[in-house]
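# Prediction below, plus the sequence it came from.
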Amino acid sequence: MSRRAWWAVGALALAACRHAGPVLAPDLSERLASTAGGYLAGDAVGLEDGDVLDRRDFVWTLDFSPDASRVAYSHLDGRDYVLSLWRVGPPPLRVKEQALNVSEFDVEALAFSPDGSLLASAGWDGTVRLFDAVTGEPRASLRTEEPLTAVAFHPSGHALVVGGVRGLVTVLRVADLGFSFEVRPHADRVSALAFAPDGTLYSGSWDKHLRVFDTREEVQRPTQARVRFSRNSGHAVVSGLLNGKAALGFALDSRTPAIVLGSKGAEAAGIDTAFLKETVSLPTALGSTLARLARGQSLRFKGLVLEGVDVAVCDACLPPDVSGVLGAPFSERVDVAFDEGTTEAVLSLKDPLPEGTDGGERGWVLAPRADFPFAAHVNDVTVDAAGRRLGVAFSEAPAERTRAVYEREKKGVVEPEAAGNAAALVDAASGQVLQKWTGHRGVVASAGISPDGHALVSGGWDKRLLLWREGLPAPVDTREFGWSVRRVRFAPDGRWVGVAAWTPQKAVGNQESEPSAALFSVSYDAPQLQRRQ
């Protein structure tokens, strides 16, 4: 049979949306379903067409719940990015469609919490969002300072890590999305974040590095914070959190004799201006004015906290388009330096608390352990169930959709295979490449490792999904899609492979095109049941 005829048969099978399911002995299937942390191990020999969840929209990313009973993906539905949450079949059931943000800001990262109760998204609008992973209902959100491209939960379930386009990795508390720690380990986009079961964090980047961190929880007393600043009306403006409630933009101006806040910001921070009795005289363009004074407030810049802050409420005292002014009382306590290279203001306490002083709060921190440099850009990283092996996707050029890429695809130009465009099994302890496959033509966007660490699925801009098995030079199975494959993942139980892809969109009829979110069942030769430790 010719390749074209083979693909036609495969496309018809997908279109039929069969519920094939893995061919497992009944007793093994029952034991897998009843074993917490159980997964299939053995020689992966092929993929069976399963369920098509979407064939209309561009799908960016996809993730399975820890028990593999649910799957979620992000897709572009008209003018908005939408989170789609499904219960895995047969037959599959869509649980929720939840709007995320407008189409200008891609949503490339999703992750379920270790207990399966929460689902996190991170997008180019800089916002990390938490959802109920059973119902899909929104729980919380936080706007950060960089466009976000990666997200992962710590195995404890108490910390969430996000990565940004400028190489920043930030640790947040899951309970309140409060800031815990940050580090900028990469010189380019953070393309992937993945935790091993023991809490080791693997961070991949377009800077061609895969960095490894130990994680630990400790009491933190930060004396410095780096916050993004902008220029506005001759002032440097930074964002701060007042009373843990209101995220506000403050102009830095040591000439102002007070820390000043507008009435809307005061209301958002829980300050009832009508009940304030004290006043302070402040200069305005029209002369002096009496402003109400709220004593003993709390001001936070990431991990840096200022307690006992007195705030004057005065709308007439503010420069245009800012919510407040950090005046002389702030300058007396905090030194400010500007890093123009990263457009960050470095805030440092002038009189930090001495070591051993009570106070501070517990949070998770990252300690560098290793750096694995590679010859190609790192686009994706996944970890097996034991935390011993990694699945890594590489490309010779950054996985960036440029005009040159679109023009090449429009003309039907197929890139040749290249050494730098590869999927690889990598030893998690040493960074050694155990086996590398270069079967894709062009960017390899994603690589999902099997739970037992001996198989890999990869997806690329050549529209193909490939299943590889350790020790074999060629893929054991291939599937083709209508456009670029964006994300591929093994389910945690090893029973399914999920694929997120773009599809040639149709504006007429039922608008259905080729599959863009699909599940395939994995076939094994003599599968065995293993359990995560």
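Yep, it's here.

# mind listing the helices for the stretch 151-300 of the chain?
For the stretch 151-300 of the chain, the helices defined by DSSP state H, counting those that start in this stretch cover 263-268.

# next one: the chain
Using DSSP state H, the helices of the chain run over 3-16, 26-34, 263-268, 328-333, 403-410.

# Lowest average confidence across these, which one?
Sorting those by mean pLDDT places helix 3-16 lowest, at a mean of 37.

# Distance check, residue 184 against residue 211.
Distance from residue 184 to residue 211, counting by Cβ to Cβ, to the nearest Å: 11 Å. From N, CA and C alone the C-beta is placed, and that goes for glycine too.

# Compare these two (neighbour count), which wins?
Set residue 184 next to residue 211 and count neighbours by other Cβ atoms under 10 Å: residue 211 wins out with 23 against 16.

# quick one, what contacts the more buried one?
Neighbouring residues of residue 211 by Cβ atoms under 8 Å, 6 or more residues apart in numbering: 185, 186, 202, 203, 205, 368, 370, 371, 372.

# Turn those into CSV, including pLDDT.
Compiled in CSV, the contacts of residue 211 are given as follows (pLDDT from 0 to 100):
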residue, pLDDT
185, 97
186, 98
202, 98
203, 98
205, 98
368, 97
370, 98
371, 98
372, 98
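
# partner residues bridging residue 224?
Under DSSP bridges, the beta-bridge partners of residue 224 are residue 348.

# quick one: it and residue 349 touch, right?
Yes: counting by Cβ atoms under 8 Å, residue 224 touches residue 349, with 7.3 Å between them.

# okay, and the common contacts of those two?
Between them, residue 224 and residue 349 share these contacting residues under Cβ under 8 Å, 6+ apart: residue 304.

# Give me the buried subset of the contacts of residue 211.
With burial judged by 16 or more other Cβ atoms under 10 Å, the buried subset of these is 185, 186, 202, 203, 205, 372.

# how close does the closest residue to the second one other than its chain neighbours get to residue 225?
Counting by Cβ to Cβ, 6 or more residues apart in numbering, residue 167 is the residue found nearest to residue 186 once chain neighbours are left out, at 3.4 Å. The span separating residue 167 from residue 225 equals 18 Å under the rule Cβ to Cβ.

# rewinding a little: for the residue nearest to residue 186, what are its contacts?
Neighbouring residues of residue 167 by Cβ under 8 Å, 6+ apart: 184, 185, 186, 187, 188, 189, 190, 205, 207.

# Which of those residues sits closest to residue 410?
Distance to residue 410, by Cβ to Cβ, is smallest for residue 189 among the contacts of residue 167, at 25.2 Å.

# Number of residues surrounding the closest one?
When neighbours are defined as other Cβ under 10 Å, residue 189 has 24 of them.

# got it, and residue 62?
Around residue 62 there are 27 residues (other Cβ under 10 Å).

# again, but for residue 342
Residue 342 has 16 nearby residues by other Cβ under 10 Å.

# Quick check: it vs residue 352, distance?
Residue 342 is 23 Å from residue 352, by Cβ to Cβ.

# Name the residues of the strand ranked longest in the chain that are buried.
Ordering each strand of the chain by length in residues (DSSP state E) puts strand 38-54 first. Buried positions in strand 38-54, judged by neighbour count with 16+ other Cβ under 10 Å: 38-45, 47-54.

# What strands line up against that strand, and which way round?
Per DSSP bridges, strand 38-54 is paired in its sheet with strand 517-531 (antiparallel).

# Give me the angle between the strand it pairs with and helix 26-34.
Strand 517-531 and helix 26-34 are oriented at 100 degrees to each other (axes from the mean of the first three to the mean of the last three Cα atoms, to 10 degrees).

# returning to that earlier point: residue 525: which of the buried ones among the contacts of residue 211 is nearest?
Proximity of the buried ones among the contacts of residue 211 to residue 525 (Cβ to Cβ) peaks at residue 202, which lies at 29.6 Å.

# was I right about residue 431 contacting residue 210?
Yes: with contact defined as Cβ under 8 Å, residue 431 reaches residue 210; the gap is 6.7 Å.

# Mutual contacts of those two, please.
residue 372.

# more neighbours, those two?
A direct count of neighbours by other Cβ under 10 Å for residue 431 and residue 210 places residue 210 higher, at 25 against 18.

# Compute the first-to-last residue distance for stretch 114-133.
Terminal residues of stretch 114-133 lie 11 Å apart, using Cα to Cα, to the nearest Å.

# in the stretch 351-500 of the chain, which segments are predicted with low confidence?
Scanning the stretch 351-500 of the chain for pLDDT under 70 picks out 353-360.

# Against residue 104, how distant is residue 368?
Distance from residue 368 to residue 104, by Cβ to Cβ: 34 Å.

# Kindly report the same for residue 450.
36 Å.

# Now do the strands in the stretch 51-200 of the chain.
Taking DSSP state E, counting those that start in this stretch as the criterion, the stretch 51-200 of the chain contains strands spanning 58-64, 70-77, 80-87, 93-102, 107-112, 118-123, 127-132, 138-143, 148-153, 159-164, 169-173, 179-183, 190-195.

# Would you map out the domains in the protein?
Per the record, the chain has its domains at 3-221+363-531, 224-352, by automatic domain parsing.

# Surely residue 322 is in contact with residue 256?
No: counting by Cβ under 8 Å, residue 322 stays clear of residue 256, with 11.5 Å between them.
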